[in-house]
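> coords please:
(one chain, ligands or ions: 1)
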Amino acid sequence: MTHRDDAPGDDHDAVAGGHGDAPGDDHDDVHPGTHRGDVPPHNRAATDGGVGERRPPEGAAENPAVRRLADWDADRLRRLADDHGTPLYVIDLDRVRQNAARLEAAFPDADRRYAVKAHSGNAVLETIRETELDAECASAGEVKRALDAGFSGAEIQYTAVNPPSEDLDFVVDAWQEEPEITITAGAEDTVDRLRERGYDGRLCIRVNPGVGAGHHEKVRVGADAKFGVPYDRAEEIVADAADDFEVVGIHAHAGSGISGDDLQNHRELVRRMGDLARAVIADGTEIEFVDVGGGFGVPYREDEPPLDLDAVAAATREALGEVDAQLAVEPGRYLVADAGVLLTRINTVKNAPETTLVGVDAGMTTLLRPAMYDAYHALRSLAPDAPDRTVEPATVTGPICESSDVFCEDRPLPAPARDDLLAIGNAGAYGYEMASTYNTRPRPAEVALSGDDSRLARRRETLSDLTALEAR
Ligand SMILES: *Cc1c(COP(=O)(O)O)cnc(C)c1O
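Numbers count the residues shown, from 1 in each chain. Model prediction:
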């Protein structure tokens, strides 16, 4: 599959798996559990006692910087698979809350928004709303979901990328009821089309800062002309718009997968946005916020250290400099990735000469990231006796008739057997969200966990759901 034109959204994904330039690509696939005990740098006890000392953040023990696939309770996951069938997405709302709490701790006085497109399920949106994050929406559909989940207009940003007319109509209608909604425009055409619809509410201008972050070309959007108005013209476009709208902010999002290595690009983006904000304010437009986007990376590989969010926050503040406006951030993946796993059952084990081929009931239609971005996802055998089995290389594939329908190649896994349950890690972001019905395959069910409770958050699609749209 190639998705040059129709890649959904601008910026999914992060770390490419197997063959690219992503951090961690030089590691061989690693079975979860063999590389536990990574200590994130800011959780290490500082020994020098000097000015550079970093203490473990308050509550680090109860709210670790990452939840690994090996940390999930195997018994519980096996029970959920037995109760609900597979493939099954599991989303742990407590972990979403923890991620939101760490975001708040790192960016206490920033406007914090959740990029809904990472996981737009109602259970997640309601949880996010309770944590007092706002909703950053990429489509009319996401605005509707945010409203349904109880976000007020003041808590909703709609970022329009080449918006279809239906989307603008919907959001302008919603604005009649919710006059505090903010629309972010990334093209002068979008500004004109809002004017034509009589919109004169809160407007933010998305800028192409000319620097990109992210580790796969499909997720670097900062330097892509598709996203935002050209940096050099932004000041003028803001000044023009200020005549007809309430211009409340400027915005840039550079793509996904900001890692420790990538802070240089992030700093550069933020520095440019700080400069632009100062220029805009000097021109007399009193903006409320400077939104520097999301893209905070999560470690997909078990031996990859988590992002030091406090360091990202410090670098962001420093690069922004003094600005008479609020900093805004809008991560998606960071809040939900490690809150989700995908459970899938083995139905076929084939000892081919090249490798052991393992067929499972989830495929690229369930979790697209490996096929789309060569993304790495940790795999864990939940067979009760897995620890006693010999480890051997396995290639895990789904039921879809496409050669890209592969979760991993030659990954060391406990010897697989038919009916074993496997868990796929970090499936909470861009997982269910990008599921499709290709091959007329119903989308999976999803269970939401909260404390000891679990509930069906989305039922499994049925074959009749799939054919319901057809004229006969
Ligand atoms: C996708 C997106 C985000 C979130 O990206 P993550 O990598 O999930 O953090 C933020 N802002 C905009 C405009 C986006 O399109």
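> care to break this protein down by domain?
According to automatic domain parsing, the chain comprises the domains 62-93+334-464, 94-333.
> Tell me which of those domains sits nearest to E470.
domain 62-93+334-464 (10.7 Å; C-beta to C-beta). (Each C-beta comes from the backbone N, C-alpha and C, glycine too.)
> If we go by neighbour counts, what in stretch 83-96 is buried?
Using 16 or more other C-beta atoms under 10 Å as the test for burial, stretch 83-96 gives H84, T86, P87, L88, Y89, V90, I91, D92, L93, R95, V96.
> Narrow the residues you listed to those in helices?
H84, L93, R95, V96 (DSSP state H).
> ok, back up a step: any chance of the domains of the chain in CSV, with mean pLDDT and distance to the ligand too?
Below are the domains of the chain laid out as CSV (pLDDT from 0 to 100; distance: least, C-beta to the nearest ligand atom, whole Å):
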stretch, mean pLDDT, distance to the ligand
domain 62-93+334-464, 97, 6
domain 94-333, 94, 3
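> returning to that earlier point: and of the buried residues of stretch 83-96, the nearest to D324?
Using C-beta to C-beta, the buried residues of stretch 83-96 come closest to D324 at V96, 33.0 Å.
> Now do the same contact list for the closest one.
Each residue near V96 by C-beta atoms under 8 Å, 6 or more residues apart in numbering is listed here: V124, T127, I128, T131, L335, V336, A339, G428.
> Mind picking the two most distant members of the residues you listed?
The distance between the two most remote of the contacts of V96 (C-beta to C-beta) is 15.0 Å, for T131 and G428.
> Comparing these two, which residue is more hemmed in?
Using other C-beta atoms under 10 Å, the more surrounded residue of T131 and G428 is G428, with 30 against 17.
> Next, count neighbours for the residue nearest to the more buried one when sequence neighbours are not counted.
Leaving aside its sequence neighbours, G428 sits nearest to G340 (C-beta to C-beta, 6 or more residues apart in numbering; 2.4 Å). Using other C-beta under 10 Å, G340 has 29 other residues around it.
> got a list of what G340 touches?
If you count contacts by C-beta under 8 Å, 6+ apart, then G340 has Y89, V90, I91, D92, H119, N426, A427, G428, A429, G431, Y432 around it.
> before we move on, what about P163?
So P163 contacts T190, R193 (C-beta under 8 Å, 6+ apart).
> Please tell me how far it sits from C408.
37 Å (C-beta to C-beta, to the nearest Å).
> so is C401 in a helix, a strand, or just coil?
Of the three states, C401 takes coil according to DSSP: H, G, I helix; E, B strand; the rest coil.
> Any idea how many residues pack against it?
Using other C-beta under 10 Å, C401 is surrounded by 9 other residues.
> Tell me where the stretch 151-300 of the chain has strands.
156-160, 182-185, 202-208, 229-230, 246-251, 289-291 (DSSP state E, counting those that start in this stretch).
> Rebuild those as CSV, extending it with mean neighbour count.
Shown next, in CSV, are those (neighbours: other C-beta atoms under 10 Å):
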stretch, mean neighbour count
strand 156-160, 26
strand 182-185, 26
strand 202-208, 26
strand 229-230, 17
strand 246-251, 23
strand 289-291, 26
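> Nearest to E330, out of the ones you listed?
strand 289-291 (6.3 Å).
> Sheet-wise, list the partners of that closest one with their directions.
With DSSP bridges as the test, strand 289-291 is paired with strand 246-251 (parallel), strand 326-329 (parallel).
> Just want the angle from the longest one to strand 156-160.
Right, strand 246-251. Angular relation of strand 246-251 and strand 156-160 on a 0 to 180 degree scale: 70 degrees, by axes from the mean of the first three to the mean of the last three C-alpha atoms, to 10 degrees.
> just how off-centre is strand 246-251 within its chain?
24 Å (C-alpha atoms, centre = their mean, to the nearest Å).
> Need the contact partners of that strand.
Counting by C-beta under 8 Å, 6+ apart, 159, 182, 184, 200-207, 228, 234, 238, 241, 273, 276-277, 280, 285, 287-291, 293, 325, 328 sit against strand 246-251.
> one more time with 6 Å, if that's ok
With C-beta atoms under 6 Å, 6 or more residues apart in numbering as the test, strand 246-251 has contacts from 184, 202-207, 238, 241, 276, 285, 287-291.
> can you check stretch 140-155 too?
116, 120, 122, 125-126, 129, 134-135, 137, 156, 158, 167, 170-171, 178, 180-181.
> Give the buried subset of the residues you listed as a ChimeraX selection command.
Buried residues within these, by 16+ other C-beta under 10 Å, are selected in ChimeraX with:
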select :116,120,125,129,134,135,137,156,158,167,170,171,178,181
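> Distance to R472 added to the domains of the chain, as CSV?
Below are these laid out as CSV (distance: least, C-beta to C-beta, whole Å):
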stretch, distance to R472
domain 62-93+334-464, 13
domain 94-333, 26
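> Near A60, how many other residues are there?
15.
> Could you measure from it over to the ligand?
A60 sits 22 Å away from the ligand, going by C-beta to the nearest ligand atom, to the nearest Å.
> Work out for me the element that residue sits within.
For A60, there is no helix or strand it lies in under DSSP states H and E.
> the helices in the stretch 151-300 of the chain, which residues?
165-177, 188-196, 231-241, 263-282 (DSSP state H, counting those that start in this stretch).
> Tell me which of those is the most buried.
helix 263-282 (a mean of 20; mean count of other C-beta atoms under 10 Å).
> and the direction of it versus that of helix 231-241, what angle?
Using the same axes, to 10 degrees: helix 263-282 against helix 231-241 is 30 degrees.
> how far does helix 263-282 sit from the chain's center?
23 Å.
> what's the most distant pair in the contacts of strand 246-251?
R202 and L276, at 18.4 Å, using C-beta to C-beta across the contacts of strand 246-251.
> how long is stretch 348-357 from one end to the other?
8 Å (C-alpha to C-alpha, to the nearest Å).
> Oh, that last question was meant for stretch 454-471, not what I typed.
Its first and final residues considered, stretch 454-471 spans 38 Å by C-alpha to C-alpha.
> in it, what counts as buried?
S454, A457, R458, R460.
> ok so the last one is a strand residue?
No. Going by three-state DSSP, the assignment for R460 is coil, not a strand.
> So for it, what's the nearest residue that isn't a sequence neighbour?
Counting by C-beta to C-beta, 6+ apart, the residue nearest R460 is A445, at 3.9 Å.
> check contacts around that neighbour.
Contacts of A445 (C-beta under 6 Å, 6+ apart): H84, L88, R459, R460.
> hey, where'd the strands end up in the stretch 351-472 of the chain?
With DSSP E, counting those that start in this stretch as the criterion, the stretch 351-472 of the chain has strands spanning 356-360, 379-381, 391-397, 406-414, 421-424, 445-450, 453-458.
> Out of those strands, flag the one nearest E196.
strand 453-458 (37.3 Å).
> Not counting its own residues, what contacts stretch 84-95?
In contact with stretch 84-95 (C-beta under 6 Å, 6+ apart) are residues 67, 80-81, 127, 339-345, 361-362, 366, 428, 432, 444-450.
> Of the residues you listed, grab the buried ones for ChimeraX.
Buried members of the contacts of stretch 84-95, defined by 16+ other C-beta under 10 Å, are picked up in ChimeraX with:
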select :67,80,81,127,339,340,341,342,343,344,345,361,362,366,428,432,444,445,446,447,448,449
